[in-house]
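K.L.:
Show me the folded form of this:
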Amino acid sequence: MKFEYSISVTNSSAATVVFHLEPWGEQIEMRPRARFLVVAKADQPGSFEIEYLNGAIVLWAWPTAVVRVFSENEEVGISAGITRPTVPMVPERTRK
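P.N.:
Got it, this is the predicted structure:
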């Protein structure tokens, strides 16, 4: 993997929210004031897309990325300790 990026995501609310890691469909409970460090390695450059919703934070990775999520220096999520699949390439649209 040629590129490595990381981003810190904080639940700044006073309520627990659900952190959605896409495109894997993984959901991780995020306590109030919790901070996740999301680290991606990829063959192609890209960036995370984040959406803050009422009761949820949604983070999307880009094609070729492999992502790990850490909370207080420990990997979290259902894929903790194993490698998530690489984000697939987005097929090109064909014009009609």
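K.L.:
can you map out the strands along this protein?
P.N.:
Taking DSSP state E, the strands of the chain run over residues 3-10, 17-22, 26-30, 35-42, 49-53, 56-60, 66-71, 74-75.
K.L.:
from the chain's centre, how far out does the shortest one sit?
P.N.:
It refers to strand 74-75. 14 Å (C-alpha atoms, centre = their mean, to the nearest Å).
K.L.:
got it, and stretch 30-37?
P.N.:
13 Å.
K.L.:
got the end-to-end distance for that stretch?
P.N.:
Using C-alpha to C-alpha, to the nearest Å, the end-to-end distance of stretch 30-37 comes to 12 Å.
K.L.:
Contacts for it next, please.
P.N.:
6-19, 28, 57, 69-71, 76 (C-beta atoms under 8 Å, 6 or more residues apart in numbering). In short, each C-beta sits where N, CA and C put it, glycine included.
K.L.:
Select only the buried ones of these in PyMOL?
P.N.:
A single PyMOL command selects the buried members of the contacts of stretch 30-37 (16 or more other C-beta atoms under 10 Å):
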select buried, resi 9+11+17+19+28+57+69+70+71+76
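K.L.:
burial count for Ser79?
P.N.:
17 (other C-beta atoms under 10 Å).
K.L.:
pLDDT wise, what is it at?
P.N.:
Note on Ser79: pLDDT of 71.
K.L.:
Same question for the one 4 residues further on.
P.N.:
Looking at Thr83, its pLDDT stands at 78.
K.L.:
and it, what does it touch?
P.N.:
Contacts of Thr83 by C-beta under 8 Å, 6+ apart are Val66.
K.L.:
what do you get if the cut-off is 10 Å, keeping everything else the same?
P.N.:
66-68 (C-beta atoms under 10 Å, 6 or more residues apart in numbering).
K.L.:
Name the spans of this protein whose pLDDT lies under the cut-off.
P.N.:
Applying pLDDT under 70 to the chain picks out residues 1, 92-96.
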